[in-house]
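S.K.: predicted model and sequence follow; I will ask about them next.
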Amino acid sequence: MSLRLARLLSVTLIGACLATSAFAAKTTHTKSHAKTTVAKGPSLIWRGDVATAQGVVDEVALAWEKAGHGSIELQPFNTASGIDAVATGTADLAGSARPSDGSSQNTDLTFTPVAWDALVMVTNPANPVSNLTLKQLHDIYFGKITNWSEVGGGSAPIDLYAVASPGDGVEYSLRTLLFGHGNQPVAAPRLYVNTHKLEEGVSLNPNGLGVATMADAASNPKLKMIPINGITPTVSTVGNGSYVLFTPLYLVTNPRNPKAADVSAFIDFLQTDAAKAAMRRHGVVPFSDGAALASIDVSRRNSILAETGGHASHIAPVTVPSSAPVASEASRVAVASAVSGTLAAGAHGANTAAVSDKTQITGVKGSVAAVAVTSFAHVKGSVLASKKSKADKHAAKTADEDAPAKATKKVSAAETKSTASASGKSYTVTKGDTLFSIARKHSVDVAQLRDWNHLKDNNVKLGQSLRVSNR
């Protein structure tokens, strides 16, 4: 055989192999396509917080599609982006770890509770602290407790992390329980765009602390969940109410959505055995399984606020959808007893005197605002969070006017003393100052500083002279 002929045969064989591969790939694609054509409904887009994606929608969406329905495209990011996307029609369903905040945007939407999860405090596994009371947790967020040694740990600062997004469901729900209002500013100097990024930060810092959900944190070996009032968060303690920081997870829908019938069918599907089994595998309690928790929600909230010294919440109590099973009297009594015992243990020796959350808070950094948000509708779930990311900066700008535009450093007492005027009636802004830190130093309200200095927002400039007294 000549060399020329051998080369021609080699080229022919390679071409035949490539053609066979191409045909095989085409055949596989055709079969795959044939499977998807049997779907009985259109594709739906789900957008929302990571907690609801992890605990409720992820595996349930696969069961839904396997049952012959259309596919569901998941876009996990945060609560605000999901609610905004449903309101504007760019998504069909949203996941939220909080109920409606009463804003005009929210009142046009339907919030359906579909599962129960828990708000859990997470830290690095190297942190030795093994328990926090509700009062201690309140005071940490309030800026009164700043060192781990004050709660049984080593002598190290508590690095409190929070999510910067306005209306974030997890942050909003925790602050509602501890303070009575979800837009409470807190002493959190480091902000993240969603709970997954917060968890990553906490896992790298032995002094870190932040709030996540049980379904999301329980399977993460890089995180340690801290018991509250001596109760460890588990599916069992959430289900019987003894872990009092339980929270409903919601699916948010728009009745004007062209796919409203299919969306409603998916929510009904969550009541099936297949969907409930999927939720349990992800560490959440199907809403109907914990229906008794709804009956004690008001008393639970009031008891927590009595222990922490917070104010009455404006958030409406959880209501049971008409399609959900009604809790038996025995289960209601059992849950109420578990909650009462947990709260009584935590309240022992606690100072329940009411305080003004907004006027006495120290080291205020990020707040979660109950405002309409229109900036996240088209943000994809691949957005990366960092302290100085564009997403964080934008979220901070749209936050409650009682929140600073960005996290800042604390100024030492000596630095304050050297820069304060002799009369004490004016103050020169130094590096690292925020309007909140200045208000704290001079025991005045942020609103007063804005009024006295004719400020339109919370921004201050280096070297700016501010009036810090009414006289």
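M.R.: Great, that's in hand.

S.K.: quick one: contacts for residue 270?
M.R.: Residue 270 makes contacts with 56, 60, 114, 251, 276, 279, 286, as judged by CB atoms under 8 Å, 6 or more residues apart in numbering. (C-beta placed from N, C-alpha, C; glycine too.)

S.K.: per-residue pLDDT, it?
M.R.: Looking at residue 270, its pLDDT is 94.

S.K.: quick check: the gap between it and residue 470.
M.R.: 56 Å (CB to CB, to the nearest Å).

S.K.: repeat for residue 111
M.R.: Distance of residue 111 to residue 470, given as CB to CB: 43 Å.

S.K.: residue 103: which of the contacts of residue 270 is nearest?
M.R.: The nearest member of the contacts of residue 270 to residue 103, counting by CB to CB, is residue 251 at 18.2 Å.

S.K.: give the contact list for the residue nearest to residue 284 when sequence neighbours are not counted.
M.R.: Using CB to CB, 6 or more residues apart in numbering and skipping the chain neighbours, the partner closest in space to residue 284 is residue 55 (4.0 Å). With contact set as CB under 8 Å, 6+ apart, residue 55 has these partners: 115, 117, 213, 215-216, 249, 279, 282-284.

S.K.: how about 7 Å then?
M.R.: 115, 117, 213, 215, 249, 279, 282-284 (CB atoms under 7 Å, 6 or more residues apart in numbering).

S.K.: ok so, going back, and the furthest pair within the contacts of residue 270?
M.R.: 251 and 276 (14.6 Å).

S.K.: out of these two, which sits in the more crowded spot?
M.R.: residue 251 (25 against 19; other CB atoms under 10 Å).

S.K.: is that one in a helix, a strand, or coil?
M.R.: Here residue 251 is strand, with the state taken from DSSP: H, G, I helix; E, B strand; the rest coil.

S.K.: quick check: next helix or strand after the strand or helix carrying residue 294?
M.R.: Secondary-structure assignment from DSSP states H and E places residue 294 in helix 291-295. Remark: after helix 291-295, the chain's next helix or strand is helix 297-308, criterion DSSP H and E.

S.K.: return the list of helices and strands in contact with that next one.
M.R.: helix 134-142, helix 169-179, helix 329-347 (3 or more CB pairs under 7 Å, 6 or more residues apart in numbering; DSSP states H and E).

S.K.: could you tell me the least trusted of these?
M.R.: helix 329-347 (a mean of 49).

S.K.: out of the contacts of residue 270, which are inside strands?
M.R.: 114, 251, 286 (DSSP state E).

S.K.: any low-confidence regions in this structure?
M.R.: Residues of the chain meeting the criterion pLDDT under 70: 1-41, 165-167, 312-424, 436, 440, 446-447, 457-458, 471.

S.K.: quick check: residue 190 vs residue 159, distance?
M.R.: Separation of residue 190 from residue 159 (CB to CB): 7 Å.

S.K.: related to what we said a few turns ago, higher neighbour count, residue 111 and residue 470?
M.R.: residue 111 (20 against 9).

S.K.: do you know how far residue 168 is from residue 174?
M.R.: Going from residue 168 to residue 174 by CB to CB gives 10 Å.

S.K.: so those two - more neighbours on which side?
M.R.: More neighbours surround residue 168 than the other of residue 168 and residue 174, with 33 against 28 (other CB under 10 Å).

S.K.: go ahead and confirm that one touches residue 79.
M.R.: Yes. Contact criterion CB atoms under 7 Å: residue 168 and residue 79 qualify, at 5.3 Å.

S.K.: what's the end-to-end length of stretch 138-148?
M.R.: This stretch, stretch 138-148, spans 14 Å end to end (CA to CA, to the nearest Å).

S.K.: if you count neighbours, what's buried in it?
M.R.: For stretch 138-148, burial by neighbour count (16 or more other CB atoms under 10 Å) applies to 138-146, 148.

S.K.: list just the nearest of these to residue 88.
M.R.: Looking across those and measuring by CB to CB, the closest to residue 88 is residue 141, at 32.2 Å.

S.K.: tell me who's in contact with the closest one.
M.R.: Contact analysis of residue 141 by CB under 7 Å, 6+ apart lists 160, 178, 186-187.

S.K.: what about 8 Å?
M.R.: By CB under 8 Å, 6+ apart, residue 141 lies in contact with 160, 175, 178-179, 184, 186-188.

S.K.: repeat for residue 44
M.R.: Neighbours of residue 44 in contact, by CB under 8 Å, 6+ apart: 70-73, 92-93, 259, 262-263, 266.

S.K.: so which of those residues are in strands?
M.R.: When DSSP E is applied, the contacts of residue 44 are split such that 72-73, 93 fall in strands.

S.K.: picking up where we left off before, for the helix holding residue 294, name the packing helices and strands.
M.R.: Applying 3 or more CB pairs under 8 Å, 6 or more residues apart in numbering; DSSP states H and E, one finds that helix 291-295 contacts helix 329-347.

S.K.: domain-wise, how is the protein divided?
M.R.: 1-37, 45-360, 408-467 (automatic domain parsing).

S.K.: now, of those, which is deepest in the fold?
M.R.: Neighbour counts (mean count of other CB atoms under 10 Å) averaged over each of the domains of the chain peak at domain 45-360, with a mean of 21.

S.K.: with distance to residue 99 as added columns, please give the ones in strands among the contacts of residue 44 in JSON lines.
M.R.: JSON lines is the format used below for these (distance: CB to CB, whole Å):
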{"residue": "72", "distance to residue 99": "23"}
{"residue": "73", "distance to residue 99": "25"}
{"residue": "93", "distance to residue 99": "16"}
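
S.K.: quick check, nearest of those to residue 209?
M.R.: residue 93 (31.8 Å).

S.K.: for the nearest residue to residue 304 once chain neighbours are set aside, give me its contacts.
M.R.: Nearest residue to residue 304, sequence neighbours excluded (CB to CB, 6+ apart): residue 177, at 5.4 Å. Neighbouring residues of residue 177 by CB under 8 Å, 6+ apart: 119, 245, 301, 304-305, 313.

S.K.: need those residues in TSV with distance to residue 133, can you?
M.R.: Formatted as TSV, these follow (distance: CB to CB, whole Å):
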residue	distance to residue 133
119	15
245	12
301	17
304	11
305	14
313	20
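
S.K.: ok, these vs residue 294, which is closest?
M.R.: Using CB to CB, those come closest to residue 294 at residue 301, 11.9 Å.

S.K.: distance of residue 117 from residue 54?
M.R.: Residue 117 is 9 Å from residue 54, by CB to CB.

S.K.: can you give me the helices in the stretch 51-200 of the chain?
M.R.: 58-66, 79-88, 104-107, 134-142, 169-179, 195-203 (DSSP state H, counting those that start in this stretch).

S.K.: for residue 48, find the nearest of the ones you listed.
M.R.: Of all the helices of the stretch 51-200 of the chain, helix 79-88 sits nearest to residue 48, with 3.0 Å by CB to CB.
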